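Chemist: Show me how the following folds:
(one chain, ligands or ions: 3)
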Amino acid sequence: MPKVAVLPGDGIGQEIVPEAIRVLQAVLTDSSLRLEFKEYPVGGAAIDRAGRALPAETLAACQEADAVLLGAVGGPKWDTLPAPERPETAALLGLRKALGLYANIRPVRMLPALADASALKREVVQNTDLVVLRELTGGLYFGEKGRKQNPPAAYDLMIYTEEEVERIVRLAFETARLRRKKLCSVDKANVLETSRFWREVTLRVAAAYPEVELTHMYVDNAAMQLVRDPEQFDVLVTENMFGDILTDLASMLSGSIGMMASASLNGKKGLYEPAHGSAPDIAGKNLANPLATILSGALMLRYSFAREKEAQAIEQAVSKVLDAGYRTGDLAKPGDKVLGTKEMGDAVLAALNS
Ligand SMILES: NC(=O)c1ccc[n+]([C@@H]2O[C@H](COP(=O)([O-])OP(=O)(O)OC[C@H]3O[C@@H](n4cnc5c(N)ncnc54)[C@H](O)[C@@H]3O)[C@@H](O)[C@H]2O)c1
Ligand SMILES: CC(C)[C@H](C(=O)O)[C@@H](O)C(=O)O
Ligand SMILES: [Mg+2]
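Modeler: Numbers count the residues shown, from 1 in each chain. Ligands and ions are numbered 1, 2, ... in the order given. Got it, this is the predicted structure:
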C-alpha cells in the first residue's frame, strides 16, 4: 500500500492536517487506491519531543514514503534558537534539500464564490488563474552564509547553477504548454548577475518551446502587476526568495493565504503543504482555514498518485462549500456563515458525499 508520511508540525498545523486526511480518506473510499497515513514529529513539536526539528526517524520515513503531507513549522517558542536548529531551517529547508524538492508549485485561482472576499476589487481578481513555479532548493536560502568581524557584517550568498535553473524553467515551459501557453520569468536582471544568468538559461530552454510565449519581468514590477492586473499571468517561474514573497502576495488574489496549496516535487516524490505558516496568533482555537491543506491533498492525488478524478472531486467539494456561503474567519464578510476549522472539514466531507 502506498505510504504517506504525515507531519502536522506546529501551531495550526496540528488542526488543519487532520481535516485534509479525513477528506483524502473519504474521497478514496470507493477508489482502488488505498493510502497508509502515518504520523511523524517535525518542527518545534519534534524539538520538544526528540531534541531536534527533523529527527532521523522522520527523515527516513519521508524518504521511504510515496508522498509527504506537512502542516507548518515554527513559532515564537523556537525563534531564539540558533538558525541551523530552528524548525524552519532544520526541518523545512532540511526536508526540501534532503528530498531534492526543487520545484514548488503554487496555484492561484479565484473561485467565483470568493470574488468579494478578496481585499482587492472583484473586477481585478475575478478571472485570476495562474500558477507560480518557485525554485526551492537553491539561491539565497542555501548559499553560503555567515558573519564577519571588524566591522561586524553578515552575508547570504546567492548562487544558481545552470542545472538548477534549467530544470525548473523546463518544468515551467511544460506547465505553460498544457495551459494558456504563456510563461513569465521573473528576475532582477537589471541588478543581479544570478538573474542575468537565469535569463540566458531561460532563453536557451525556450528554443524547445516555440508554442509558448515567453516574457521576462523584473520582480518589483511583477509584484505590482500581480495586484494591478493578475489576469495577464498564466505561469510564472522564479527563484527561491522572489517566489516566497510573490506567492504570499498572490495568495490574496484568491481571497486568503488560507486558500493557497502547494506541491514540492523532484520528478519522483512530492511534499504537499499549505503555503502559509503555523499562524501562532490563531493556533489552538479552531479558527484556521483548512482549505489550503485540503487542496494540497488534492495536489497530492494529482501529482503523486495520478488520480485526477479524485483530485477534482476534492476541488469541486471545496467550491461547493464556498458557493453555499460557508467561510472560515479569514474569508468572512458580514452576513457569511462562519465555520471553525473542524466544521469546515465537515462541510467539505458533506459536499464530497452530496
Ligand atoms: N511552511 C511552513 O511551515 C511555514 C510557512 C510560513 C511561515 N512559517 C512559520 O510560521 C510562523 C508564523 O509565521 P507568520 O506569522 O509570518 O506567517 P503565517 O502564514 O503563519 O501567518 C500570517 C497571517 O496569516 C494568518 N493565517 C495563516 N494561515 C492561515 C489559515 N490557514 N487560516 C487563517 N489565517 C491564516 C495568520 O493568522 C497570520 O495572521 C513563523 O515561525 C514562520 O517562520 C512556516
Ligand atoms: C518558513 C519558510 C522557511 C518558508 C520559505 O520561505 O520557503 C515559507 O515561508 C514558505 O513559503 O514555505
Ligand atoms: Mg513563504
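Chemist: need the contact list for the closest residue to ligand 1 within the stretch 151-300 of the chain.
Modeler: Proximity of the stretch 151-300 of the chain to ligand 1 (CB to the nearest ligand atom) peaks at Gly277, 2.3 Å away. From N, CA and C alone the C-beta is placed, and that goes for glycine too. When the contact criterion is CB atoms under 8 Å, 6 or more residues apart in numbering, the partners of Gly277 are 11, 72-74.
Chemist: cool, and Phe305?
Modeler: Taking CB under 8 Å, 6+ apart as the contact definition, Phe305 lies against 2, 33, 35, 66-67.
Chemist: And for Ile294?
Modeler: Taking CB under 8 Å, 6+ apart as the test, what Ile294 contacts is 19-20, 23, 314, 318, 345, 348.
Chemist: could you dump those to TSV with secondary structure and pLDDT?
Modeler: What follows is those, written out as TSV (DSSP: H, G, I helix; E, B strand; the rest coil; pLDDT from 0 to 100):
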residue	secondary structure	pLDDT
Glu19	helix	98
Ala20	helix	98
Val23	helix	98
Ile314	helix	98
Val318	helix	98
Gly345	helix	98
Val348	helix	98
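Chemist: which one of the residues you listed has the most neighbours?
Modeler: Counting neighbours by other CB atoms under 10 Å, Ala20 comes out on top of the contacts of Ile294 with 31 neighbours.
Chemist: Just the contacts of Gly277: which are in strands?
Modeler: Secondary structure from DSSP state E places Ala72 of those in strands.
Chemist: Quick one: name the residues of this protein near ligand 2.
Modeler: Within reach of ligand 2 by CB under 6 Å from any ligand atom, the chain has these residues: 74, 88, 92, 244, 275, 277.
Chemist: Out of those, the closest to Asn353 would be?
Modeler: Ranking these by separation from Asn353, with CB to CB as the measure, puts Ala275 on top at 28.0 Å.
Chemist: returning to that earlier point: any idea which of the contacts of Ile294 is the one closest to ligand 1?
Modeler: Relative to ligand 1, and with distances defined as CB to the nearest ligand atom, the nearest of the contacts of Ile294 is Glu19, at 10.5 Å.
Chemist: Would you confirm that the closest one contacts Met344?
Modeler: Yes. Applying CB atoms under 8 Å as the test, Glu19 and Met344 come out as touching, 7.0 Å apart.
Chemist: Overlap in contacts, these two.
Modeler: Common neighbours of Glu19 and Met344 are listed as Pro290 (criterion: CB under 8 Å, 6+ apart).
Chemist: Any quick ChimeraX command for the buried ones out of the contacts of Phe305?
Modeler: Burial among those is assessed by 16 or more other CB atoms under 10 Å; the matching ChimeraX selection reads:
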select :35,66,67
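Chemist: Farthest-apart pair in the contacts of Phe305, please.
Modeler: Every pair of these checked by CB to CB; the farthest is Leu33 and Ala67, at 11.6 Å.
Chemist: between those two, what contacts are shared?
Modeler: Overlap between the neighbourhoods of Leu33 and Ala67 consists of 2, 305, taking contacts as CB under 8 Å, 6+ apart.
Chemist: Break down the stretch 51-200 of the chain into its helices, ranges please.
Modeler: In order along the chain, the stretch 51-200 of the chain carries the following helices (DSSP state H, counting those that start in this stretch): 56-64, 94-98, 122-125, 162-177, 193-206.
Chemist: List the contacts of the fourth one.
Modeler: Helix 162-177 is touched from outside by 102-103, 105, 131, 133, 135, 137-138, 182-183, 185, 197-198, 201-202, 204-206, 208-209, 211-212, 234-237, with contacts defined as CB under 8 Å, 6+ apart.
Chemist: export the residues of the chain next to ligand 2 to CSV and tack on distance to Ala222?
Modeler: Output for these, formatted as CSV (distance: CB to CB, whole Å):
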residue, distance to Ala222
Gly74, 27
Glu88, 24
Leu92, 24
Asp244, 13
Ala275, 17
Gly277, 22
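Chemist: possible to save the residues you listed as CSV with distance to Tyr218 and pLDDT?
Modeler: Formatted as CSV, those follow (distance: CB to CB, whole Å; pLDDT from 0 to 100):
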residue, distance to Tyr218, pLDDT
Gly74, 30, 98
Glu88, 27, 97
Leu92, 28, 98
Asp244, 17, 98
Ala275, 23, 98
Gly277, 27, 98
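Chemist: Tell me how many other residues surround Leu331.
Modeler: Using other CB under 10 Å, Leu331 is surrounded by 24 other residues.
Chemist: Pretty sure it sits against Leu287.
Modeler: No. Contact between Leu331 and Leu287 fails when scored by CB under 8 Å: they sit 11.7 Å apart.
Chemist: Mind listing the shared neighbours of those two?
Modeler: Residues touching both Leu331 and Leu287 do not exist when contact is defined as CB under 8 Å, 6+ apart.
Chemist: For Ala46, give me its contacts.
Modeler: Ala46 makes contact with 52-55, 58, 87, 91, according to CB under 8 Å, 6+ apart.
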